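Okay, structure incoming, though there's no sequence with it:
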């Protein structure tokens, strides 16, 4: 029997930021997260190549963190254009609809805009952006959350099977079957990507 344990939580997610202080203002002063590290470096962690950057960590209250890299030589405005929430977004959780409404009002006051709450049935959410163009969400669980999620879990694999059969040919025409069937990177390609990222 395989004794390998699954990872227990998200330690951090890391993103590029335009400016460390601007990002600190948003996540500490607006979002109320705690700045727990602002680490300055002069070289890439894997390759040792010269690279000046700062790594920021904000603690969210449960041991999870959101982190940012400020790399002055890599600041290009197109990297900070607003992203679609379908491309990527982070969802933070609060305890009630009342808290969600309070956060909407707070964000409207501090940063100028947050959406009205949207009912997703299992959760209710507001949406907004950080100064780096990163799409953010604050969500609270519906009163029937556990019941809804239990039913969704029961149907999950069958729903995925139906979806895969429905969409496979469209994706094959765009990216090819090899990419869809890939389970793990080719070793040479993996090494290439790690070198580009400065991790080796």
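In hand now; what should we look at? Values in this document were obtained by computation on a predicted structure and should not be read as measured data. Numbers count the residues shown, from 1 in each chain.

so what secondary structure elements neighbour the helix ranked longest in the chain?
Secondary structure of the chain read by DSSP state H shows that its longest helix is helix 145-175. Secondary-structure packing of helix 145-175 (3 or more CB pairs under 8 Å, 6 or more residues apart in numbering; DSSP states H and E): helix 177-181. All C-beta spots, glycine's among them, are computed from the backbone N, C-alpha and C.

Against residue 33, how distant is the closest residue to residue 9 other than its chain neighbours?
Distance criterion CB to CB, 6 or more residues apart in numbering; nearest residue to residue 9, sequence neighbours excluded, is residue 64 at 6.3 Å. Separation of residue 64 from residue 33 (CB to CB, to the nearest Å): 10 Å.

Count the neighbours of residue 24 for me.
Residue 24: 18 surrounding residues under other CB atoms under 10 Å.

Determine the three-state secondary structure at it.
Judged by DSSP: H, G, I helix; E, B strand; the rest coil, the three-state class of residue 24 is helix.

Show the contacting residues for it.
Applying CB atoms under 8 Å, 6 or more residues apart in numbering to residue 24 gives the contacts 35, 38, 56.

Check the residues you listed against residue 75 and report the nearest one.
residue 56 (14.8 Å; CB to CB).

Can you mark which positions in the strand or helix carrying that closest one are buried?
Residue 56 belongs to strand 50-59 when assigned by DSSP states H and E. For strand 50-59, the neighbour count (16 or more other CB atoms under 10 Å) marks 53, 54, 55, 56, 57, 58 as buried.

Now the longest helix of the chain: average pLDDT?
The predicted model assigns helix 145-175 a mean pLDDT of 96.
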